[in-house]
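J.: Quick one: sequence plus predicted model below, questions after.
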Amino acid sequence: MHVCLKLQIYITANMAAYGDETLDSTVPVDAVGGRILQHCKPCYKDKKTTPASVYCKNCKEFQCLECSSHHKRYDFMSDHSIVDRQQAETEEHVNMFGYDNCLVHGISVEIYCKDHDLLICAKCAFSNHKKCENAKHIDEFPVEKTIEEFKHRLTACCDKAEEFISNVNEIGIKEKDEAKAKADKMKSDFCDKMDKSLAEFLIEIDSAAKSAKSSMLPQVSGVSNIHDELNMWVNSLNNASKQGLSDKCYILSKSLETKLKENEEFLKHQYSDNMSIHTEHTFVFKWNGIQQNTDVAVQANGSDFLHLEDDNPKAMDTKTVSMNRKTTYSSSNAYFSGIDFLKDGRLVAVDNRNKKCLILCENLQVLGKPFTFFTQPLDVCAYNDHQIAVTTGAQVYFLKVDRLNNIMLTRKVSTSAAYFAISRFNCSMFLCSIFENTKVPVRVVDFEGKETDFIDTLCPIAEFQIGDSFTTYAELLGIIILTDFKSNKVYMFNTHTGEKIIVDDKRIQGPRQVCMAPDDTVFVCCDINSSICRFTLDGQVLQAFTVPRNSFSAIRISQDGTKLVISRGSEPEPSIQLYELTYTLNK
């Protein structure tokens with residue numbers, strides 16, 4: 001007989017049993033002291049409360065003996081599984097999450113339409129699926145195979161969620177054990193000092209691990225919710241399997257398949273290579289000339305944001321300065337587009353070509369593990385001891401550098417314009433030079449990404465392309481310094497008085513990178529004549545230093561004014577050069 005004809009006969013019989021009225025799935029119960037007294041569901045529909053004697057697993061309802069007798073009267077109900085009420089009450093409940101009832105008619109789903117990938121009831125099959133070639137009773141499908149495959153995937157997905165949560169909880173444990181082992185090796189000679197330094201070091205590890213865990217709290221919360229849901233599904237499948245309810249297992253397997261796919265996809269994107277704290281031997285214990293390297297670097301992003309306090313550097317008398325080469329760091333595949341000094345003397349540099357941020361010591365050795373951006377960084381500005389801001393065009397990254405040389409992202413803001421050079425403007429704002437498609441040379445950007453123009457102070461000079469103009473700010477006097485590569489001029493604008501000064505000197509040829517020194521003099525790199533010029537804030541050129549011919553990419557002076565660093569983009573290879581500055585009184 002054709003399958004559609006078979007299905008129609010089956011549906012007709014079921015429709016006769018169900019009638020036109022949708023069944024009420026509510027079962028009346030009396031809760032007394034935690035005990036549930038079951039009543040007959042068919043009687044309850046007639047507004048009678050008759051105690052139930054049996055339970056029909058197929059009808060999924062408790063019935064009295066009189067109502068149960070209908071199973072013998074109708075052939076299509078003759079194969080229903082009838083058990084004693086007490087036996088049904090003691091069996092472990094299978095939570096079907098409502099998937100075993102038709103959402104349209106409220107009666108049991110018994111048919112699967114493969115053509116539409118839907119679980120349906122007899123009424124749905126009779127009304128909407130008559131012509132479907134593959135609409136069959138659940139028992140006619142490979143139930144066991146479908147259930148096993150779904151349970152395997154469900155269990156694997158649940159295991160992944162557990163693994164993720166376990167890995168997050170273990171962040172910092174391995175590193176603490178390694179730190180303790182290294183400390184124990186030194187205790188015999190420096191027991192008291194080692195214990196003190198170890199305690200500080202473990203605090204750093206805990207802080208790094210806390211930061212890593214804090215940054216992953218949204219992920220952990222999401223995964224935990226999925227894990228709880230997956231466990232409920234697994235328990236229901238197992239309970240149904242124990243009771244031999246293959247149809248229920250099949251219903252759950254098909255109904256939850258879409259949600260399982262969503263969870264599988266979500267969990268797939270939660271895994272990263274930065275699940276643990278990476279040790280890199282940059283934290284140093286030093287006693288009496290003996291040193292032991294033991295370090296921690298965390299790559300997970302943190303979320304703490306520190307508010308800054310204003311600094312008021314004291315101006316120094318103008319002196320003659322001498323530059324003495326100290327050391328050089330080279331890298332053949334890098335392009336150091338920005339560099340700056342931290343307050344403690346360490347250097348922070350951004351590698352535009354490799355999308356990295358590096359920490360270097362005074363000997364220009366790389367410390368810790370570089371921070372990796374998703375885009376190419378352009379310039380960097382250090383502020384408030386260990387905080388740095390990095391421009392990447394239309395975004396500004398705010399990062400924190402701890403004493404273990406870990407670099408952690410604290411905030412990232414998007415901007416309307418593309419910014420290159422960045423310098424501190426005040427305790428909560430930064431001065432940024434703009435490039436491409438704008439007549440406004442500079443803007444101020446704050447921690448929230450709010451941008452402010454200097455309409456009343458800065459006259460439009462030119463439309464700068466990237467690398468044509470750089471800027472810095474004399475914070476104490478409120479003066480903006482702006483270089484113009486094409487005109488061989490440097491412009492200075494006083495934001496307090498509106499005064500404008502143009503520095504036009506033959507020693508300034510192709511000015512690009514510029515920075516402020518603590519004595520309120522300005523250093524500017526000149527590409528065309530390969531020199532560094534130093535001038536005052538009233539426009540007087542004091543000195544010009546000839547340096548080996550090369551292309552400059554950044555210049556900065558340390559906060560104590562004793563060191564100057566230059567990064568070069570090419571010829572013969574990208575490098576960072578550190579100079580010592582010696583100041584002498586003018587005679």
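T.: Noted; the coordinates are in hand. Residues are numbered from 1 along each chain as shown.

J.: which stretches of the chain form helices?
T.: For the chain, the helices defined by DSSP state H occupy 3-18, 41-45, 65-68, 70-73, 85-90, 122-128, 143-169, 173-215, 217-242, 246-255, 257-268.

J.: which stretch among those helices comes nearest Val321?
T.: Using CB to CB as the measure, helix 173-215 is the one of the helices of the chain that comes nearest Val321, at 37.8 Å. C-beta here means a position set from N, CA and C on the backbone, and glycine is covered the same way.

J.: His496 touches Gly478, doesn't it?
T.: Yes. Counting by CB atoms under 8 Å, His496 does reach Gly478; the two are 4.4 Å apart.

J.: Compare the two (neighbour count), which wins?
T.: Gly478 (15 against 9; other CB atoms under 10 Å).

J.: The closest residue to Asp247 other than its chain neighbours: how many residues sit nearby?
T.: Nearest residue to Asp247 in three dimensions, chain neighbours excluded: Ile138, at 4.9 Å (CB to CB, 6 or more residues apart in numbering). For Ile138, the neighbour count with other CB under 10 Å is 18.

J.: contacting residues around Ile138?
T.: Taking CB atoms under 8 Å, 6 or more residues apart in numbering, we find Ile138 in contact with Glu110, Ile111, Tyr112, Leu119, Asp247, Tyr250, Ile251.

J.: Buried subset of the residues you listed, written for PyMOL?
T.: In PyMOL syntax, the buried subset of those is picked out as below (16 or more other CB atoms under 10 Å):
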select buried, resi 110+111+112+119+247+250+251
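
J.: so can I have TSV of the contacts of Ile138 showing pLDDT and distance to Met186?
T.: Output for these, formatted as TSV (pLDDT from 0 to 100; distance: CB to CB, whole Å):
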residue	pLDDT	distance to Met186
Glu110	89	73
Ile111	90	74
Tyr112	91	69
Leu119	91	67
Asp247	88	67
Tyr250	89	64
Ile251	89	64
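
J.: Which one of the contacts of Ile138 is nearest to Glu451?
T.: Among those, and counting by CB to CB, the member closest to Glu451 is Leu119, at 55.5 Å.

J.: Cross-check the contact I'm expecting between that closest one and Val109.
T.: Yes. Between Leu119 and Val109 there is a contact under CB under 8 Å: 4.4 Å.

J.: can you list residues touching both of the two?
T.: Common neighbours of Leu119 and Val109 (CB under 8 Å, 6+ apart) are Tyr99, Ile251.

J.: can you tell which of the helices of the chain is closest to Met408?
T.: helix 173-215 (6.1 Å).

J.: now the angle between helix 217-242 and that closest one, please.
T.: Counting by axes from the mean of the first three to the mean of the last three CA atoms, to 10 degrees, helix 173-215 lies at 100 degrees to helix 217-242.

J.: which other helices and strands contact helix 173-215?
T.: strand 284-287, strand 290-293 (3 or more CB pairs under 8 Å, 6 or more residues apart in numbering; DSSP states H and E).

J.: ok, the residue lying farthest from the centre of the chain to Lys57 distance?
T.: Centroid-distance maximum for the chain: Arg73 at 64.8 Å, with CA atoms, centre = their mean. According to CB to CB, to the nearest Å, Arg73 stands 19 Å off from Lys57.

J.: can you check Ser78 too?
T.: 14 Å.

J.: Looking at those two, which has the bigger crowd around it?
T.: Each of Ser78 and Lys57 has its neighbours counted (other CB under 10 Å); Lys57 has more, 16 against 9.

J.: Who are the contact partners of that one?
T.: His80, Ser81, Ile82, Val83, Ala88, Leu245.

J.: quick one: Tyr383 and Arg424 touch, right?
T.: Yes. At 4.9 Å, Tyr383 and Arg424 qualify as touching, with contact defined as CB under 8 Å.

J.: Need the residues touching each of those two.
T.: With CB under 8 Å, 6+ apart as the test, Tyr383 and Arg424 both reach Phe430.

J.: ok, which stretches of the stretch 301-450 of the chain are strands?
T.: 320-330, 336-341, 347-351, 356-360, 366-372, 379-383, 387-391, 393-401, 407-424, 429-434, 442-446 (DSSP state E, counting those that start in this stretch).

J.: in the fifth one, what counts as buried?
T.: Using 16+ other CB under 10 Å as the burial criterion, the residues of strand 366-372 that qualify are Val366, Leu367, Gly368, Lys369, Pro370, Phe371.

J.: which stretches of the stretch 451-587 of the chain have low pLDDT?
T.: 455-463, 549-550, 570-572, 585-587 (pLDDT under 70).

J.: which of the helices of the chain sits most buried?
T.: helix 246-255 (a mean of 22; mean count of other CB atoms under 10 Å).

J.: Counting by contacts, list what it packs against.
T.: Using 3+ CB pairs under 8 Å, 6+ apart as the test, helix 246-255 ends up in contact with strand 118-120, helix 143-169, helix 217-242.

J.: Give me the distance from it to the chain's centre.
T.: 37 Å (CA atoms, centre = their mean, to the nearest Å).

J.: thinking again about what came up before, closest one to Ser127 among the helices and strands packed on helix 246-255?
T.: strand 118-120 (9.5 Å).

J.: Can you list the strands that that closest one pairs with?
T.: strand 111-113 (antiparallel) (DSSP bridges).

J.: hmm, back to that, now distance to Glu580 too, for the helices of the chain, in a markdown table please.
T.: Converted to a markdown table, those look like this (distance: least, CB to CB, whole Å):
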| stretch | distance to Glu580 |
| --- | --- |
| helix 3-18 | 91 |
| helix 41-45 | 92 |
| helix 65-68 | 100 |
| helix 70-73 | 100 |
| helix 85-90 | 87 |
| helix 122-128 | 85 |
| helix 143-169 | 46 |
| helix 173-215 | 31 |
| helix 217-242 | 46 |
| helix 246-255 | 73 |
| helix 257-268 | 53 |
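
J.: So for Thr483, which of these sits nearest?
T.: helix 173-215 (38.3 Å).

J.: tell me the mean pLDDT over that closest one?
T.: Across helix 173-215, pLDDT averages out at 76.

J.: what do you get for stretch 360-374?
T.: According to the model, stretch 360-374 has a mean pLDDT of 92.

J.: And for the closest residue to Thr584 other than its chain neighbours, the neighbour number?
T.: Nearest non-adjacent residue to Thr584, counting by CB to CB, 6+ apart: Thr320, 5.1 Å away. By the measure other CB under 10 Å, the count of residues near Thr320 is 13.

J.: Equivalent analysis for Lys319, please.
T.: Lys319 has 15 nearby residues by other CB under 10 Å.
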